[in-house]
Structure formats: C-alpha cells, structure tokens
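*Asks:* Kindly return the folded structure for what I paste below:
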Amino acid sequence: MNEENKHERSHSSFNDKHERFCDRLSLVIGDESIRSFALRANLSPPVIKKYVENDSTPNVERLVAIAEAAGVTVEWLATGKGPKYPNGIIESGHQQIMEGRCGAYKANNDFLSEFALIPGYSIQVSAGWGSEGSDDIEPSRHLAFRKRWLKWRGFAEKDLVIVWAKGDSMEPIISNNNTLLINTQRTELTDGNIYVIRSDNQLWVKRVQVKPNAWLLLSDNPLYPPIEVPKTEQHNFHVVGQVVHISKDIGD
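*Replies:* As a prediction, this is how the structure comes out:
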C-alpha cells in the first residue's frame, strides 16, 4: 500500500453495517463513466477507480468533493447513515422524490442538469372498481428521473405525470400503492397497453383491447371481469395517458 492510500485510510471511519463506501460510490456514479464523474469532482479517474474497486478510501477533503459532485450528503456517503440527499430531497426506489412544491427547494445545478422533476399528484387511480379524481389539484411532490433515461425512452418531460395505484385488479403487474409514470401524450389506445382512463369523476388503470365497436378495459387479475365500453359511449371516457413505467417496493 502506498503512502497516499495509507494516509487516506487513516482519515477514514467508514463503518457501515449495510454497505461499503465503494458500494455507495458506485451507486451515485450510476451509468456515468468514472472519467466523467472524476472530472466533475476535480479528481483523477485512477483515484475514483481505486475507490470504486475498494482499493482505497478518500480523506475528508476528497470525500467532500465527491459528495458535492454526486449531490449527496457527506454523512451518508461516508457512513451510509443520515439523509442521503440535501435540501429536502429523499429517495424512493431508483428515483428521487422532492417533497412539496418544486420551487420550495434550491436544487443545485448539477442535480437539475442530470434529472427531470416529474410532478406527482396525491390521487390514486383504481386498479379496482374506480377511484375518484379531481382536476383541481396541485402536485404534492416531484420525482426525479434521469434525463438520459427519458431520452432513451423517447419521453418529453412536459408530457409526464406521476399518480399512485389503488386496489388489486391489475395484480401481479401493478400492486396497491405502486407509483405509475403516465405519458399524457399517448392517448390513442392500442391493444395490450395499460392506460389511465377517466369517466366522470372515476379513474381506472386498465389494460386495453380495442375491438371494432367497443373497447374492453381488462384487469390482469382474473377475479375482475372486463369492462366493455361500446362505441356509442366512448365519448364519456377520457384517456389520460399510457402507463409507461411502474415503481414498486419488494420485501420488507
């Protein structure tokens, strides 16, 4: 071990019973290249590579630089404890959630250049018999998705909203309280896709089968029969958008 590594290890107290520092660093780097991340942190790529491979751990000065580049707290990066994100940002699955209105927080420029903040609404769409919804509602939170991922999927940030599922009619693919990403530009029904559909004040999330003279709103759970919407009644139904992503928790 060279002197630099000895020095850095002597300044480290990364005692995390859940995961190692190298694991947390790999997590925040994500699919960004080590070279790109290192340049943003004003460190050399070989140094970051050593940290990722658990061959070394940073001193305090470098730890701060890495935390700032990653947009996470020094405490979490060093120990795995405490809040992961500053300024009210919390994590849910592989996304991040910004509680409250977007303008209430001063997210740093690096964060906003990498992530798109998608509005989430405190309404539940029924994976059952129908759930009440309202147009007069403000976003209750914002979930952050990587812009690179949105581009890869062909999504425009302005077209996306977040809602939550209620009920079990779409089990096993959609469970109660799952987070649903809706593309509001995809309102033309195509066979086999899942949509959020409104009728009066009721909201459903259903798989759709398009027939010549009717729509069939299908539940993946066989306990729920199809809902047939004849062509003469389709004007009473509004397609909010297509479900394009589902987030769910697994385990305890």
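
*Asks:* use CA for all of it now, contacts and neighbours both
*Replies:* Fine.

*Asks:* quick one, what contacts Leu189?
*Replies:* Contacts here follow CA atoms under 8 Å, 6 or more residues apart in numbering; on that basis Leu189 touches Tyr195, Val208, Val210.

*Asks:* So what does it have for phi and psi?
*Replies:* With angles defined as degrees, to the nearest 10, Leu189 sits at phi -70, psi 130.

*Asks:* Of the contacts of Leu189, which belong to strands?
*Replies:* Judged by DSSP state E, the contacts of Leu189 include Tyr195, Val208, Val210 as members of strands.

*Asks:* want to throw the residues you listed into TSV with distance to Ser219?
*Replies:* Rendered in TSV, the data for the ones in strands among the contacts of Leu189 read as follows (distance: CA to CA, whole Å):
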residue	distance to Ser219
Tyr195	11
Val208	9
Val210	14
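
*Asks:* For stretch 52-70, buried residues please.
*Replies:* 52, 56-59, 62-70 (16 or more other CA atoms under 10 Å).

*Asks:* Between these, which sits nearest Ala78?
*Replies:* For the buried residues of stretch 52-70, the closest approach to Ala78 (CA to CA) belongs to Leu63, at 7.4 Å.

*Asks:* And the closest one, how far from Ile29?
*Replies:* From Leu63 across to Ile29, the span is 14 Å (CA to CA, to the nearest Å).

*Asks:* residue ranges of the helices in the chain, please?
*Replies:* 3-10, 21-29, 34-40, 45-52, 60-70, 74-79, 109-114, 147-153 (DSSP state H).

*Asks:* Adding distance to Gln202 and mean pLDDT, write those out as TSV.
*Replies:* Output for those, formatted as TSV (distance: least, CA to CA, whole Å; pLDDT from 0 to 100):
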stretch	distance to Gln202	mean pLDDT
helix 3-10	59	41
helix 21-29	40	88
helix 34-40	46	86
helix 45-52	49	93
helix 60-70	42	86
helix 74-79	42	86
helix 109-114	35	68
helix 147-153	29	88
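
*Asks:* wait, which of these is closest to Asp220?
*Replies:* Judging the helices of the chain by CA to CA, what sits closest to Asp220 is helix 147-153, at 24.3 Å.

*Asks:* Just send the buried residues of stretch 52-70 back as TSV, with distance to Pro230 too.
*Replies:* Converted to TSV, the buried residues of stretch 52-70 look like this (distance: CA to CA, whole Å):
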residue	distance to Pro230
Val52	58
Ser56	66
Thr57	65
Pro58	65
Asn59	68
Arg62	64
Leu63	62
Val64	62
Ala65	61
Ile66	58
Ala67	57
Glu68	56
Ala69	55
Ala70	52
